[in-house]
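In: No sequence on hand, only this structure:
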């Protein structure tokens, strides 16, 4: 008998064979074999098409929709998704345009299903076009639309006849318009077999309670959806085969649904997150309504404390029979479903998915061994099971209890897929394993599972069918996505040198658009209903099609508008005309033969111009291109990209005449071609889509960096910068950020950009750590990100922002952060400019005053200026809200500290003037010592007992700088470092020093540095474990930051913030004490020089200094005692400095950045420059350590603009080693006994 050849088979047989090829890549390869197989394969390949639209790739739609594409008539299902692009400003408009082009150019009456998956309203015009051109649709959807199209649909004569094949309905009402549309489709689909009902109404809707049925009658949902079936007691019920309900309150609606739907014939019931589901199952359990053909039951439910839902489903399972697919996902339940209910379906059950937990985030409940063995024994036909198993360790191996459960699974002869939803732990190790190590150990467990399955089957004289073992639960939204919470192993085989085959566990690698499939079909790993995304997310699962833009039911109500890209841009005028014109041009380009044959040729077929072009790959390799792509056959066989981006070159010498005309047109600004364009390639239909992307991008947070990085930077700001600069109000800011206020409020975007700029400038290594993991957000240095933030801030503010009527305290915050950024990047002009601007805004808002902050007093203005007497800008009756009041005080005192700091570092009073407080014009009070969570617009709640507010440390730092206000006032009046009245100046310096030291007397314990341990007189141990910040220790933690992953993250975050504030407080305290001591000795030297020269000048103040006597308390110490006290104080400064450098964790020094290092470096350098005769014993003995500390701190400080070159690449490793060197000297210093180890 002659051997049969595949190609000799009939077309029908080859078609049947190709239908069993399920891998898309194999189908593509079959298309390239020959023309006959190409025609057969495209039917299968093009049957279901998923397209990502709303990106530059939309230009390829023209090739896809070309009439030359023989697969186009075979399309039956189209799924549209939004492409994942960084710029989403005009994406929805471009996606609507692309959808319009698809619907215009697809052949008529070929589609059976058309699904719109994005979390955004669909175009009403596109839906009308779909219903007009595709009359063979089997799946109809009622989803959120950008306009109400029900009046247009009602104009279609006999809609039920127009859609004769409609059998499936997906109804997703979230407002009154969609509810009415759902009723229209349900009424006009008499042969409906599958009904999906998902209500997405928000709970804060004004008449939310009226939506659902009550004890008094039907609610708005049922009375509207089934309006045509009233009265329900006399209606003819729907003969459904599949019913899905989600977020439908069934407490009082169960009886209504059982009247309008004949559940006796229903084969599939899916109930997801429906309150009152216990009443529904109780109603179905009646003998007259009990389903007779039920084969699929999926139930996801958050139970009540009495576990009514669990009891109801247990009873229902004991009444029905013949279920093949059973999914039970229960939360807030005390126990698992009863084994008796599962065992009842043992002869038919093929898929079993059972998840149950006491709370949403608790570990899953595990069946006891007797119950689990009963399920496995009574249900031998299970092919797929997803269930929780007892704990085991990947390090210690499987426990005996785990192996007992695994042996029970070995008794399932038909088991193909095993999904273990509980993750093996890593005990006895206390630290987390690297993911690669954990996956490798997990692979070993899967390998053992496959081997035991084979050995168990061999013992029972059968073959093991176990092919997939998965750990974890799926968290993917779309079926085509990859789960981040699941690791899957497939069974392969390996052959040893003796030729014996053994199973091999092969980890499924993430791949795009890939599903786990085998010869027995698709293997589902876990529950089919992933959790719905939050309203701010872009995509949603196909079973959760709702829109975040929810409109209230009554038409006259206020519509709640969340962010949506189409709300930002103006709507295109005459979009239908544009679409029709582009579609007409595209069809003309594809079908019209523009060049008629010559009259003399006599050839009836017209001769067309050659407009085809080889792809880039074939052109470069100089091979013939079949020009059928993209991709062409050659590129597809080589598996390389098929592009047409390479510019074509004209052969022969250049046409100088044509070039001259083109140049003249460019100079004159004229269009090179006037009149309508005549497309020259089939891709012209998509060129119109690219025109939509030519509009300038809207300014938003994505203009700085991607959203994941932005979220990380915002968290870093409120963790590391907010304790030092406690504004803006964190809960209000995060609420505005969640609502994406940056799209609508330029002031908010400017504030956000300035916050990120201040964070990156003061603490650059953490942002660099975020950016390293992102490829699309590339910045050569941290200053490049700073410059980008300042650029966005300037664009968002725009010109004349100080003249806006809506100027508020957050504009002052923005100016302060810009000033802080200028300070850390050594741009002193910007520092002075924005500091002054911040003060100006505070004064214009009246926030610099202690009372009557709601208006600004202008004083008496002459009558000819148009005013008499006292005038003010604003209204006395207007009162500030508590948030603005507290934020205004925080900003003022932060500026106060900043002005004092730069004056202490050498700036003059003329650069930034902040007048001292006087009895008639006092400064505003210090902010209330409560956290942001306690501050509301109309009240300030008390701080929780036992928790020290972060503002307590902030006020402590302010009091430190305010302790020498008398000295600052004196120097403002008579000059800095001027000697005019030495006796009074001595008393002022002495009082300022005592006031500064007194500030630290009563601070809370969490803000104190503990100098020594009670047992060994050493420094206290660090609050957090220290890992040297060098690459060898990178795997342990982020070397610059504390670890928030252990224990309570909120407590760990607050503990780190205390430590950061502690470093700032003690650095400020030491710098002020050192500043006062050195100022005393500087003036003392001047006084001694004048005294030795016997040149005692007259009092230059003319007796004005006597006015300071009221501000200074008398002192009993004479000049000699005061000099000795100042010398002793210098010694104490040295001791305290060494204590601070030896005690404060490095991970809390670094977030303070240059502010900390600059203060400490100034103190240390000042102490080291003291003459030898004035140095105390501590300073002399430990000056070597001071020199070492000073050297390392000088390296850490970016002490020059050259060190922050935006074009330079910062050496992170070098900075890390500097911090490591500082820790090394700390350890050495402590090993020598610290300050308590010097010889007496």
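Out: Done, it's in. Predicted model only: the values in this text are computed from it and were never measured.
In: Let me see the contact set for residue 263.
Out: For residue 263, the contact set (Cβ atoms under 8 Å, 6 or more residues apart in numbering) comprises 240, 243, 269, 284, 289, 290, 291. C-beta: built from backbone N, CA, C; applies to glycine.
In: what about the residue lying closest to the fifth one once chain neighbours are set aside, distance to residue 894?
Out: If I follow you right, that is residue 289. Using Cβ to Cβ, 6 or more residues apart in numbering and skipping residues adjacent in sequence, the residue nearest residue 289 is residue 258, 5.3 Å away. Noted for residue 258: a distance of 65 Å to residue 894, by Cβ to Cβ, to the nearest Å.
In: So for these two, which sits in the more crowded spot?
Out: Per other Cβ atoms under 10 Å, whichever of residue 258 and residue 894 has more neighbours is residue 894, with 23 against 18.
In: Spit out the contact partners of that one.
Out: Shown in contact with residue 894 (Cβ under 8 Å, 6+ apart): 725, 726, 727, 816.
In: So the third one, which state does it fall into?
Out: Under the three-state scheme (DSSP: H, G, I helix; E, B strand; the rest coil), residue 727 adopts coil.
In: hang on, the earlier thing: so can I have a markdown table of the contacts of residue 894 showing distance to residue 717?
Out: Shown next, in a markdown table, are the contacts of residue 894 (distance: Cβ to Cβ, whole Å):
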| residue | distance to residue 717 |
| --- | --- |
| 725 | 9 |
| 726 | 11 |
| 727 | 11 |
| 816 | 14 |
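In: And those, which two are furthest apart?
Out: 726 and 816 (11.7 Å; Cβ to Cβ).
In: going on from the helix or strand containing residue 185, what's the next piece of helix or strand?
Out: Assigned by DSSP states H and E, residue 185 belongs to helix 176-187. Sequence-wise, the next helix or strand downstream of helix 176-187 (DSSP H and E) is strand 194-198.
In: need the longest strand for this structure.
Out: Longest strand in the chain by number of residues (criterion: DSSP state E): strand 486-495.
In: helices and strands around that one, which ones?
Out: With contacts defined as 3 or more Cβ pairs under 8 Å, 6 or more residues apart in numbering; DSSP states H and E, strand 486-495 has these neighbours: helix 435-459, strand 468-472, strand 501-507.
In: Go ahead and confirm residue 396 touches residue 428.
Out: Yes. The pair residue 396 and residue 428 passes the contact test of Cβ atoms under 8 Å, sitting 7.3 Å apart.
In: Give me the pLDDT for residue 909.
Out: Here, the pLDDT recorded for residue 909 equals 59.
In: What of the one 5 residues further on?
Out: Per-residue confidence (pLDDT) for residue 914: 82.
In: Next up, phi/psi of the nearest residue to it once chain neighbours are set aside, please.
Out: Computed as Cβ to Cβ, 6+ apart, the closest residue to residue 914 that is not its neighbour in sequence is residue 899, at 4.8 Å. Dihedral pair for residue 899: phi -60, psi -50, per degrees, to the nearest 10.
In: Number of residues surrounding residue 1075?
Out: Neighbour tally, residue 1075, other Cβ under 10 Å: 22.
In: Name the helix or strand for residue 637, please.
Out: Per DSSP H and E: helix 633-638 holds residue 637.
In: mind listing what's buried in that helix?
Out: By 16 or more other Cβ atoms under 10 Å, the buried positions in helix 633-638 come out as 633, 634, 635, 636.
In: What helices and strands are in contact with that helix?
Out: helix 616-621.
In: which helices and strands sit right next to the helix it packs on?
Out: helix 633-638.
In: residues in contact with the helix it packs on?
Out: Contacts of helix 633-638 (Cβ under 8 Å, 6+ apart): 28, 31, 32, 615, 617, 618, 623, 625, 626, 629, 641, 642.
In: can you check stretch 488-498 too?
Out: 442-443, 446, 450, 466-471, 501-508, 516, 525.
In: Can you select the buried ones among those residues for me in PyMOL?
Out: This is how PyMOL selects the buried members of the contacts of stretch 488-498, with burial counted by 16+ other Cβ under 10 Å:
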select buried, resi 442+443+446+450+466+467+468+469+470+471+503+504+505+506+508+525
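In: Look at residue 135 and give its secondary structure.
Out: Once three-state DSSP is applied, residue 135 turns out coil.
In: what residues are up against it?
Out: Taking Cβ under 8 Å, 6+ apart, one finds 108, 109, 162, 163, 164 in contact with residue 135.
In: Return the distance of the fourth one relative to residue 75.
Out: Think residue 163. For residue 163 relative to residue 75 (Cβ to Cβ), the value is 18 Å.
In: cool, and the first one?
Out: Counting by Cβ to Cβ, the separation of residue 108 from residue 75 is 12 Å.
In: quick one on the thing from earlier: dump the buried residues of helix 633-638 to TSV, plus distance to residue 113.
Out: What follows is the buried residues of helix 633-638, written out as TSV (distance: Cβ to Cβ, whole Å):
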residue	distance to residue 113
633	30
634	34
635	31
636	28
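In: wait, which of these is closest to residue 198?
Out: residue 636 (40.1 Å).
In: how near is residue 1006 to residue 932?
Out: 18 Å.
In: Those two: who's more crowded?
Out: residue 932 (22 against 16).
In: Verify the contact between the more buried one and residue 727 for me.
Out: No. Contact criterion Cβ under 8 Å: residue 932 and residue 727 do not qualify, at 9.2 Å.
In: Can you flag the buried ones in the contacts of residue 894?
Out: Buried residues within the contacts of residue 894, counting neighbours by 16+ other Cβ under 10 Å: 725, 726, 727, 816.
In: Let me know the secondary structure of residue 79.
Out: strand.
In: partners of it in the sheet?
Out: Under the criterion DSSP bridges, residue 79 forms beta bridges with residue 50, residue 115.
In: show me what contacts it?
Out: So residue 79 contacts 48, 49, 50, 51, 115, 117 (Cβ under 8 Å, 6+ apart).
In: any idea which of these is closest to residue 104?
Out: Closest approach to residue 104 among those (Cβ to Cβ): residue 51, at 14.6 Å.
In: Tabulate the contacts of residue 263 (TSV), appending distance to residue 754, neighbour count and pLDDT.
Out: What follows is these, written out as TSV (distance: Cβ to Cβ, whole Å; neighbours: other Cβ atoms under 10 Å; pLDDT from 0 to 100):
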residue	distance to residue 754	neighbour count	pLDDT
240	58	20	93
243	54	20	95
269	55	24	95
284	60	22	91
289	64	16	89
290	66	15	91
291	62	24	93
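In: among those, which are in helices?
Out: Residues of these located in helices (DSSP state H): residue 284.
In: what about the lengthiest helix in the chain, average pLDDT?
Out: Longest helix of the chain, by residue count under DSSP H: helix 1049-1092. Averaged across helix 1049-1092, pLDDT comes to 86.
In: that older thread, between the contacts of helix 633-638, which is closest to residue 1119?
Out: residue 641 (85.9 Å).
In: Shouldn't the closest one be within a helix?
Out: No. Per three-state DSSP, residue 641 lies outside any helix segment and is coil.
In: got a list of what it touches?
Out: Counted by Cβ under 8 Å, 6+ apart, residue 641 has contacts 617, 631, 635.
In: Looking at the buried ones among the contacts of residue 894, which is nearest residue 228?
Out: residue 727 (58.8 Å).
In: Ramachandran coordinates for the closest one?
Out: Backbone torsions of residue 727, given as degrees, to the nearest 10, read phi -160, psi 150.
In: can you offset everything so residue one is 678?
Out: With 678 as the first residue, the last one maps to residue 1404.
In: pretty sure it is in contact with residue 1491, am I right?
Out: No. The pair residue 1404 / residue 1491 is not scored as a contact, 10.3 Å apart, by Cβ under 8 Å.
In: For the stretch 1278-1427 of the chain, which residues score under the pLDDT cut-off?
Out: In the predicted model of the stretch 1278-1427 of the chain, residues 1278-1290, 1306, 1316, 1324-1374 satisfy pLDDT under 70.
In: now the strands for the stretch 1528-1677 of the chain?
Out: 1533-1537, 1547-1550, 1612-1613, 1616-1617 (DSSP state E, counting those that start in this stretch).
In: Same question for the stretch 878-1027 of the chain.
Out: Going by DSSP E, counting those that start in this stretch, the stretch 878-1027 of the chain shows strands at 919-923, 945-949, 973-979, 1002-1008.
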